[in-house]
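Colleague: pasting the structure only:
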């Protein structure tokens, strides 16, 4: 097997969701966790946060690739900083509006 220099595309996830989508108007530039899990949104959103976060990985500020595209991506708004505790699902397209593309060159 020969190795080659390959270009890969990754995405740096922002620290906030700042788009003007009507569902996020009250969240403009407010920091909160962006999470990903292999569980469905219905399963996660029915759990108490203390249990749910053990099944999820926080991705804000991290670099991701398209392998998480089909996972459940969501934000959790805690009751201490927001009017109520709430889970909100985030689509891949919404997330991509907030990400910065990162091109990486690897030798594989």
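Modeller: Cool, got the structure. Remember, it's a predicted structure, so these values are computed and weren't measured experimentally.

Colleague: residues making contact with stretch 72-85?
Modeller: For stretch 72-85, the external contacting residues (Cβ atoms under 8 Å, 6 or more residues apart in numbering) are 17, 27, 32-41, 44-45, 49, 52-53, 59, 86-92, 95. C-beta coordinates here come from the backbone N, C-alpha and C atoms, glycine included.

Colleague: Not counting sequence-adjacent ones, nearest residue to the residue nearest in space to the middle of the chain?
Modeller: Geometric centre of the chain, nearest residue: residue 34, 4.2 Å, by Cα atoms, centre = their mean. Take residue 34 and drop its neighbours on the chain: the residue closest to it by Cβ to Cβ, 6 or more residues apart in numbering is residue 60, 4.3 Å away.

Colleague: From residue 40, how far off is that neighbour?
Modeller: Using Cβ to Cβ, to the nearest Å, we find residue 60 at a distance of 21 Å from residue 40.

Colleague: Mind checking which of those two has more residues around it?
Modeller: Shown here are residue 60 and residue 40; by other Cβ atoms under 10 Å, residue 60 has more neighbours (17 against 12).

Colleague: For the chain, which segments count as strands?
Modeller: 5-12, 34-37, 57-58, 63-64, 72-77, 86-89, 100-107 (DSSP state E).

Colleague: neighbours around residue 56, how many?
Modeller: 21.

Colleague: Kindly provide the distance from it to residue 96.
Modeller: For residue 56, the distance to residue 96 - Cβ to Cβ - is 20 Å.

Colleague: and the helix ranked longest in the chain, which residues are buried?
Modeller: When the chain is scanned for its longest helix (criterion: DSSP state H), the result is helix 92-98. Neighbour counts over helix 92-98 (16 or more other Cβ atoms under 10 Å) mark 94, 95, 98 as buried.

Colleague: Looking at these, which one is closest to residue 11?
Modeller: residue 95 (8.1 Å; Cβ to Cβ).

Colleague: Appreciated, that's everything.
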